[in-house]
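Chemist: Got a predicted structure plus its sequence, pasted below:
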Amino acid sequence: MGAVSTGNAEHHSREQGGALPEQALPTWRRAVLKVGSNLLAAGGGGLTTRHAAALARFIADSRDAGRQVVLVSSGAVAAGRAMLRERAAVAGDLAARQALAALGQAPMIALWQSLAARPVAQVLLTHDDLRNRRRYLNARATLRELLALDVLPVVNENDTVAVDELKLGDNDNLAAIVAALVDADLLLIASDIDALYSADPRRDAAATPVARVHALTPEVLAMAGGSGSAVGTGGMRTKLEAATKASAAGIPTALFSGRQQATVEALSRGCLRGTLIAAAGTRMQARKYWLRHAPAATGRVQVDAGAGRALASGRASLLPGGVVGASGEFHRGDLVEIVDHAGRPVARGLSQYGASEIRRIAGRHSREVEQVLGYSYGAEIVHRDDLAPLVDADTSGELHA
């Protein structure tokens, strides 16, 4: 049967045992893949490679095709519970769950390392790490460097210190935040259900899968029920919440079953058997909009005419050599305004250095930063990915708002 469009969702009917129709994945160079607990937990306890192996092959295939994948993996609590068995019977106790998460991190990472032909790195984050601008930049720099080193980052929530996040099962939302953090082109969420359905398919035989969602309206969000997993802590609702965050950052989301090998194999061919949730605009539009309109710190960075023209192109980073000075006070990670020699706003961006540090390295070559400060956060004061121009440069080199 063909697609039936209802509002912002396209429904597809399926005969019993049939497969969801394939659709093309959006073009992507970097993706975040979230893998749920139910795909890693063995029936008798512990972790299994049964479904993880196919997902690991997809990651390897993507690497061979010149793409990058950041993995957000659940499963630590399930692994820790299996290791303690009878002593871990109090699953609802928060402190016990935090202890199980700490215990289960090592076997969860070991599982992925056993399936990868390259080094695997564990990155533990909390939402606070990503809300704090300085820690946000540190996490961003670490993940970028791991990808540049051809290492597979395996991200998990730091459940040993998280409270609300652990109770809510927020690895879905964490994956969306990480997708924005690393400038991903696509968020992939693998779980034990093959798509978003019009209703809970376990309770409603008439429920139909939704192949494509054009906008996450209240009606679409109402299709999601609560958690249906005995192992994990998240359900379809958290997946749609994650897709909402990704969409706002200009990143589409694909929901699919990680239990179906043919579905996972199709991903390597650029095909999705599941639900594709469209992004609200492009990733760059979303990020540049935020940089232009979010509240900025009170301080400013002054640049010379050459740096002003380069920043106006939108393709250049701000280096110390183009900086004249800094006024006011701001810290590493703050959103700052960049002005030219006449005090006219040229751009806005996230500063890698505080105001006092910039005053010391202004006009210097990037290689002198560590010599002057005794440390270095990188060659750029503002990286081009964290910068939005406020003016344009015409062919004469003059700047225009």
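Modeler: That came through, no problem.
Chemist: helix/strand/coil for Ile251?
Modeler: Secondary structure assignment for Ile251 (DSSP: H, G, I helix; E, B strand; the rest coil): coil.
Chemist: tell me the contacts of the nearest residue to Gly333 once chain neighbours are set aside?
Modeler: Spatial nearest neighbour of Gly333, excluding adjacent residues (Cβ to Cβ, 6 or more residues apart in numbering): Arg133 at 3.1 Å. Every C-beta, even on glycine, is put in place using the N, C-alpha and C of the backbone. Applying Cβ atoms under 8 Å, 6 or more residues apart in numbering to Arg133 gives the contacts His331, Arg332, Gly333, Asp334, Leu335, Leu350.
Chemist: shouldn't the fifth one be in contact with Pro295?
Modeler: Yes - contact between Leu335 and Pro295 holds when scored by Cβ atoms under 8 Å: they sit 7.2 Å apart.
Chemist: okay, the two: which has more neighbours?
Modeler: Leu335 (20 against 5; other Cβ atoms under 10 Å).
Chemist: what ranges do the helices span in the stretch 201-350 of the chain?
Modeler: With DSSP state H, counting those that start in this stretch as the criterion, the stretch 201-350 of the chain has helices at 218-221, 236-248, 261-268, 283-293, 305-312.
Chemist: Can you say which of those helices is packed in most?
Modeler: Each of the helices of the stretch 201-350 of the chain was scored by mean neighbour count; the highest is helix 236-248, a mean of 23, by mean count of other Cβ atoms under 10 Å.
Chemist: tell me what it is packed against?
Modeler: When contacts are defined as 3 or more Cβ pairs under 8 Å, 6 or more residues apart in numbering; DSSP states H and E, helix 236-248 sits against helix 171-181, strand 186-191, strand 196-197, helix 218-221, strand 253-257, strand 274-277.
Chemist: Okay, now the unreliable bits of the stretch 251-400 of the chain?
Modeler: Scanning the stretch 251-400 of the chain for pLDDT under 70 picks out 392-400.
Chemist: Where do the strands of it begin and end?
Modeler: Under the criterion DSSP state E, counting those that start in this stretch, the stretch 251-400 of the chain contains strands at 253-257, 271-272, 274-277, 300-303, 323-327, 335-339, 345-350, 387-389, 392-393, 399-400.
Chemist: mind putting those strands in TSV, distance to Leu33 included?
Modeler: Putting those into TSV (distance: least, Cβ to Cβ, whole Å) gives the following:
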stretch	distance to Leu33
strand 253-257	10
strand 271-272	13
strand 274-277	13
strand 300-303	37
strand 323-327	39
strand 335-339	30
strand 345-350	26
strand 387-389	28
strand 392-393	38
strand 399-400	42
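Chemist: Break this structure down into its domains, please.
Modeler: 4-13+21-283, 294-400 (automatic domain parsing).
Chemist: Thought Ala31 was touching Leu71, still the case?
Modeler: No - under the criterion of Cβ under 8 Å, Leu71 makes no contact with Ala31, lying 9.8 Å away.
Chemist: Neighbours of Leu196, how many?
Modeler: Neighbours around Leu196, by other Cβ under 10 Å: 24.
Chemist: wait, what's in contact with it?
Modeler: Contact analysis of Leu196 by Cβ under 8 Å, 6+ apart lists 9, 209-210, 213, 220, 223-224, 236, 239-240, 255, 275, 277.
Chemist: List the beta-bridge partners for it.
Modeler: Beta-bridge pairing of Leu196, defined through DSSP bridges, involves Val210.
Chemist: And Leu152, by the same measure?
Modeler: What pairs with Leu152, by the bridge criterion (DSSP bridges), is Val120.
Chemist: In terms of mean pLDDT, which of the helices and strands packed on helix 236-248 ranks lowest?
Modeler: Note on the helices and strands packed on helix 236-248: lowest mean pLDDT is at helix 218-221, with a mean of 85.
Chemist: C-alpha coordinates for that helix, CSV please?
Modeler: This file holds the C-alpha atoms of helix 218-221, laid out as CSV (Å, rounded to 0.1, in the frame of the first residue of the first chain):
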residue,chain,number,x,y,z
PRO,A,218,1.6,17.8,19.9
GLU,A,219,-0.4,15.3,17.9
VAL,A,220,2.8,13.4,16.8
LEU,A,221,4.2,13.5,20.4
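Chemist: could I get the helices of the stretch 201-350 of the chain as CSV with distance to Arg367?
Modeler: Below are the helices of the stretch 201-350 of the chain laid out as CSV (distance: least, Cβ to Cβ, whole Å):
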stretch, distance to Arg367
helix 218-221, 51
helix 236-248, 38
helix 261-268, 41
helix 283-293, 27
helix 305-312, 18
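Chemist: Ala110: which of those is closest?
Modeler: helix 261-268 (21.3 Å; Cβ to Cβ).
Chemist: which helices and strands does that closest one pack with?
Modeler: Counting by 3+ Cβ pairs under 8 Å, 6+ apart, helix 261-268 packs on helix 52-64, strand 253-257.
Chemist: Report the angle between that helix and strand 253-257.
Modeler: When axes from the mean of the first three to the mean of the last three Cα atoms, to 10 degrees is applied, the directions of helix 261-268 and strand 253-257 differ by 150 degrees.
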